[in-house]
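Undergrad: need a structure here:
(3 chains)
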Amino acid sequence: MNNIVKPVPCKILDVKKESKLEYTFKVESDIKPSHGQFLQLSIPKIGEAPISVSAYGDGWIDFTIRSVGKVTDEIFTKGPGDVLFLRGAYGKGWPVDKFEGKHMVVITGGTGLAPVRSMLNMFYNNPDYVKSVTLITGFKNEEGIVFKGELEKWKDKFTTFYTLDAEKKEGWNTGFVTEFVSKVDWASFDGNYETVIVGPPPMMKFTGIECSKCGVPDEKIWVSFERRMSCAVGKCGHCRIDEVYVCLEGPVFNYTQAKYLID
Amino acid sequence: MNHDIDVKKVRINCYRQSKVAGEFMLQLRVPGALIDAKYLSFVQELCEEYGNGTFHFGTRMTFDIPGIKYENIEACNKRLKEYIKDVDVEMCDVDMETIAHEPVEYDPEQGYPTIGARNIMACIGNIHCIKGNANTQELAHKIEKLIFPSHYHIKVAVAGCPNDCVKANFNDFGIMGINKMVYDYDRCIGCGACAKACQHHATGVLTLNKDGKIDKDTCCCVGCGECVIACPTSAWTRNPKKLYRVTLGGRTGKKNPRSGKLFLNWVTEDVILGMFANWQKFSAWALDYKPEYLHGGHLIDRVGYKGFVKHIFEGVEFNPEAKMADDIYWAENEQRGNMHVMPLSQHEHAGPQA
Amino acid sequence: MGYKVSFEEVNRIFDRLQGEYEIWAPKRFAGKGRYSDTDIVKYDKVSKVEEIEFKEKSDYPAKEVLSPITQSLFYFTEDEFRESKATSKKLLIFMRPCDINAQHHQEKIYLENGGFADMYYQRMNEKVKIVMMECTEGWDTCFCVSMGSNKAEDYSLAVRVGDGELMVDVKDDDFAPLFAEAAAADFKPEYIEKNQIELTIPEIPNKEVLTKLKSHPMWNEYNKRCISCGSCTVACSTCTCFSTTDVIYNENTNVGERKRTTASCQIEGFTDMAGGHVFRKTAAERMRYKVLHKFHDYKARFKDYHMCVGCGRCTSRCPEFISITATVKKMAKAIDEILAEEGK
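TA: Presented below is the predicted three-dimensional model:
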């Protein structure tokens, strides 16, 4: 009998400090996730947690992890050569096929940048895949900024609005991401665009409202949910909202569906 | 009116002297404080026929009938015959013809033969209360059989749990139903409800550990059962073995009131009954076989705790869980010394001064 | 084939089965109730028919046999996960029709949902043989007829208890030889056709009404009444939620186990995320979540029937006397209000 919750050991290849609390772990794995999917990552004795894929390539997967719980705290003590246990990939990721040939507006809050990072790099590396990328990225403060190198790099090809909630930083804006939604030149897209929003629940809610104010129809908005999960395979019930299991039908949802998913 | 009344004799008969000359208040025993409601109309009849038509809830859970004229006591006593038979002889299996292990003559037409052993108080206990661990009435009835009738004064109360709503702690012997709860690790879902309940209602001996299960500081557990009540899965259940805690030497009074001290913990009913079976023997010995109007606690004071223990547990076998105080140091209430009371002008005040 | 079998004969049959089967049935545990001198009836292994509680509905459901409250998934060392082992025996479980139906509802989640089959449930489920306990009277909290779960035909054996004897209907040929010497009798089990409670489950016509229902003031009552203890979901014959925990046997060793433990959406912390975000912070929201799952969401997902089987155990076990049927009736009224408002 196939045991769907049995994890496999994977070697850590590299650990990169993104910020004080966020680290990116490069793990050796043949698992082929798609953009926006997540895996169950565990350490025996400590536990298991769902972590989104922040990048992947041939034989490796990146996880950008914020140290906020006992699993992630323990993961932070690990280094290259140590073993993490993985199972997955799970869930439905970004519908990149639908995004092909369109103008993309990507709006993220905090570590919400991680689940879109691999997709943004794909857009960056395949400039013809989408027509344009507008990236609005916000962090609480300077300490919270992740993927600094990539944020700089993306400026070359994307239209970017980088902002800190309240702090001032050279070359950066100050204010919530919601304040920059109206600055996007929506009219120039001529209706041929898609919007991606990822971040903490209140950020996604208010950003969605701002987009609607700018005339963005629900069906052109895509969000990624983060919920507590124990199994990631539709058994444990923690992530269920109405008839939807975030681990199965999500974490990426179109806003036409997501707006009804009230926990 | 010109009265010639032996008030001591009347008191032994359970009639209490009134400030109104020639009047008395009868106190009817209700051991365990639960009784068939039909006796309420009987009590009403007594109040109206012999008393002054009022009724008082006795402070020791007796039916009190005030305003009985001395000359009506004889007739009133005759009416008590059935009640005493039903309640003491039938319900509690009391042998009215033995006092302090000696045969005595008992005339059922003469009312109560002694006042020494006071009515055994009890809360409603586990026949009703969701918190109760013990059937307080049943135990009270069994104790009644051992300590009544007797000329040796003793106050006993039985509480269903350590909440002690019946204030057993202020009796010579205060008994509280407790239990060594059983924990089923596999049924525990780690919700922490027991730990919260224990913290809120009791001594906070439970903690939710990092494995999502419960750790218990057994030493400080008071055996109340809040964990069982709170548990949604029956991971916590009561042990079929019913146990009791007993406090000793509590009392009210003008001379030196004090609360009781922990005397026995985790003892079975057998230990308690074995102890009470020795009470009258102990009292007789302590008072050189001459009953005095002296309450149990004072008797124990006179003999000393260690001496008391030697007599009271003669032939009593302790259950394996049982614990007993090695010694007891009672703390008398400070009211004799007036330590903390003083004219308001001498009080010291905290905070901004006027 | 029907048979009439004395308890003595049943016990001989039990003896013969013991080598191959664990026999599970509702059993009375004296003094183990929530309150002093009250009992609890829960599933346990039995070896004699007299141990089985036929007269009272079990406080806890049959699901505990297949998905125990705590079960080990893996034993691990530093770099290896080893699967826990299930019992090697088959499971013969005495269940009432509500519990049998409840297991089928659970199968949808454990074996079908998302196209993933849970190995731990599956390996137990494959061992199960059902003894249907005839149930024709029910109790005051039952509403199985309203939920369409008063009948269950897919049993190996069905029994009716009499005075020191069982009437048995043998459907499963595996068990036929055991009754070779038993007296044949004309017996087919009957089912309850009417409960004391009848419940009509309201339809929620669309997402707009669902959204309005979620924020309807009817739920606020439960902020005052519900203590979020989770007794209802533990007693529920269909709830399946669990959490996974790793434990180590000793701080100094690298061995331990990964456990699965029943979880409850009613208990605070069910949605807590590592980052500190919490969904459904109030008892009212949690109650709404549970009730809608049982009487709307599950059916919306799996299409064929509601999750609730009407066993009424949640009502029976609630220490605060919250009745699930009364709650559903309040919900029906709230939906009517919403629809009337929309119709204006």
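
Undergrad: A:Ile209: neighbouring residues, count only.
TA: A count of neighbours around A:Ile209, defined by other Cβ atoms under 10 Å in any protein chain shown, yields 11. Every C-beta, even on glycine, is put in place using the N, C-alpha and C of the backbone.

Undergrad: and it, what's its pLDDT?
TA: Turning to A:Ile209, the model gives it a pLDDT of 93.

Undergrad: give me the phi and psi for it.
TA: phi -60, psi -40 (degrees, to the nearest 10).

Undergrad: now do the contacts for it.
TA: A:Thr178 (Cβ atoms under 8 Å, 6 or more residues apart in numbering or on different chains).

Undergrad: surely B:Val228 is in a helix?
TA: Yes - counting by DSSP: H, G, I helix; E, B strand; the rest coil, B:Val228 is found in a helix.

Undergrad: that one reaches B:Met181, doesn't it?
TA: Yes - counting by Cβ atoms under 8 Å, B:Met181 is a contact partner of B:Val228 at 5.8 Å.

Undergrad: shared neighbours of these two, anything?
TA: With Cβ under 8 Å, 6+ apart, B:Val228 and B:Met181 have common neighbours B:Trp236, B:Thr237, B:Arg238.

Undergrad: which of these are close to chain C?
TA: Restricting the shared contacts of B:Val228 and B:Met181 to those adjacent to chain C (criterion: Cβ under 8 Å from any Cβ of the partner chain) gives B:Thr237, B:Arg238.

Undergrad: got a quick PyMOL command for the buried subset of the shared contacts of B:Val228 and B:Met181?
TA: Applying 16 or more other Cβ atoms under 10 Å in any protein chain shown to the shared contacts of B:Val228 and B:Met181, the buried members can be selected in PyMOL as follows:
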select buried, chain B and resi 236+237+238
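
Undergrad: same list (the shared contacts of B:Val228 and B:Met181) but as TSV, adding distance to chain A, pLDDT and secondary structure.
TA: TSV is the format used below for those (distance: Cβ to the nearest Cβ, whole Å; pLDDT from 0 to 100; DSSP: H, G, I helix; E, B strand; the rest coil):
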residue	distance to chain A	pLDDT	secondary structure
B:Trp236	24	98	strand
B:Thr237	27	98	strand
B:Arg238	32	97	coil
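
Undergrad: of the shared contacts of B:Val228 and B:Met181, closest to B:Ile328?
TA: B:Arg238 (28.7 Å; Cβ to Cβ).

Undergrad: what number of residues lie near the residue lying closest to the closest one once chain neighbours are set aside?
TA: Residue nearest to B:Arg238 in three dimensions, not counting chain neighbours: B:Asn179, with 4.7 Å by Cβ to Cβ, 6 or more residues apart in numbering or on different chains. If you count neighbours by other Cβ under 10 Å, B:Asn179 ends up with 24.

Undergrad: kindly report the same for B:Pro343.
TA: The burial count for B:Pro343: 6, using other Cβ under 10 Å.

Undergrad: one more: A:Ala232?
TA: There are 28 residues near A:Ala232, going by other Cβ under 10 Å.
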